[in-house]
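**Q** based on what follows, work out the 3D shape:
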Amino acid sequence: VDMAGPPLIIWEREVEQLLLYAELVPRLEDALGKFSRRDNAEVIQPVRTTVALQKHNGFLGVMPTYMENDGLLCAKFVCFYKRELGSALPATQATVVLLNPQYGNVEAVMDGDVITGMRTAAVSAVSAKLLMRPDAEVLAILGTGKQALSHYNVFTEMFSFKEVRVWSHRKEGIERFRQSVSGPVTMCVSVEEAVTGADVIVTVTRCTEPVLFGRWVKPGAHVAAVGACRPNWREVDDVLMKEAVVYVDSRDGAMTESGDVILSGVEVFAELGDVINGTKPAHREKTTVFKSLGMAVEDAVSAKLVLDKWKAKASQS
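**A** Modelled structure (predicted):
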């Protein structure tokens, strides 16, 4: 290992070119399974530390993890903000750092926005693969930001829906979304219109109060709830949380950070990794909610994939 050299810097465009869902999804499934195996100390991942940026209405989240057998030491720094509607400022910004666990030096610094968008969407797609009904035909996406786009991309790549419905607070958000996607989408004027009869619902909003209500959700639907990452923020109401079988990425994370879980007082049934490991069942026939908060192991395996592909490309040229 050359300790003298500076770290590699891999920025947004390169990460975009190197990261593909087909390669990322199996690695994330593997990481989720490893994380949920409590008997081994192979994965060390504390709940993320957050620092309030009061003046800017935001937070800095620090997300470290060490995956011993994979030799992966990684940390993500993510700033996320409660922006005013129509604000031109980004809602999140992230950077991922890979370190050498033996020497402690930084090996690579990379753009974390593409990684965050893609790994989050890919894990939601894994939840749908495990929990949605096999005959699912209608996908509804609430939100039209970066996460909505990455969710659209992976869900339409992995599954064949007959209809994709999209809702946003803002007309310009919907127009931008329509121009950014390759396939057909049905634009909806209300959340109720978007989700009525939908088999899979993805919530990727900036809402801090419930926007999705259980009375609109058809029995047996699968909901991937991705926004609302603070203990006092919500996207879905108590009715839905209490009717559904609730799955999470990390039990500890959900009990610390998810307003939807904490404020509804529901019991978390399982982590996705428990289903992947076969220790808990996938209740496809019931209404299910996967509450996603995002985990450092997801960033670590994504960053490692980017670095490996970057090195392979460099050795070819």
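**Q** average pLDDT across stretch 20-27?
**A** Mean pLDDT, taken over the full extent of stretch 20-27, equals 97.
**Q** return that stretch as PDB; C-alpha atoms alone will do.
**A** Written as PDB, here are the backbone C-alpha positions of stretch 20-27 (Å, rounded to 0.1, in the frame of the first residue of the first chain):
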ATOM      1  CA  LEU A  20     -25.100   0.200 -12.100                       C
ATOM      2  CA  TYR A  21     -28.200  -1.200 -10.400                       C
ATOM      3  CA  ALA A  22     -27.700  -4.700 -11.700                       C
ATOM      4  CA  GLU A  23     -24.300  -4.900  -9.900                       C
ATOM      5  CA  LEU A  24     -25.400  -2.800  -6.900                       C
ATOM      6  CA  VAL A  25     -28.600  -4.700  -5.900                       C
ATOM      7  CA  PRO A  26     -27.000  -8.100  -5.100                       C
ATOM      8  CA  ARG A  27     -24.200  -6.400  -3.100                       C
END
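**Q** buried stuff in it?
**A** Residues of stretch 20-27 classed as buried: 21, 24, 25, 27 (neighbour count, 16 or more other CB atoms under 10 Å). The way it works is simple: take the backbone N, C-alpha and C, and place the C-beta from them, glycine included.
**Q** three-state assignment of the third one?
**A** Yep, that's residue 25 we're talking about. In terms of secondary structure, residue 25 is helix; the call rests on DSSP: H, G, I helix; E, B strand; the rest coil.
**Q** now the strands for the stretch 151-300 of the chain?
**A** Counting by DSSP state E, counting those that start in this stretch, the stretch 151-300 of the chain forms strands over residues 163-167, 186-188, 200-203, 222-225, 245-248, 270-271, 288-291, given from the N-terminal end onward.
**Q** nearest to residue 132, of those strands?
**A** strand 222-225 (4.0 Å; CB to CB).
**Q** would you format the buried residues of stretch 20-27 as JSON lines with distance to residue 138 included?
**A** What follows is the buried residues of stretch 20-27, written out as JSON lines (distance: CB to CB, whole Å):
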{"residue": "21", "distance to residue 138": "21"}
{"residue": "24", "distance to residue 138": "25"}
{"residue": "25", "distance to residue 138": "22"}
{"residue": "27", "distance to residue 138": "29"}
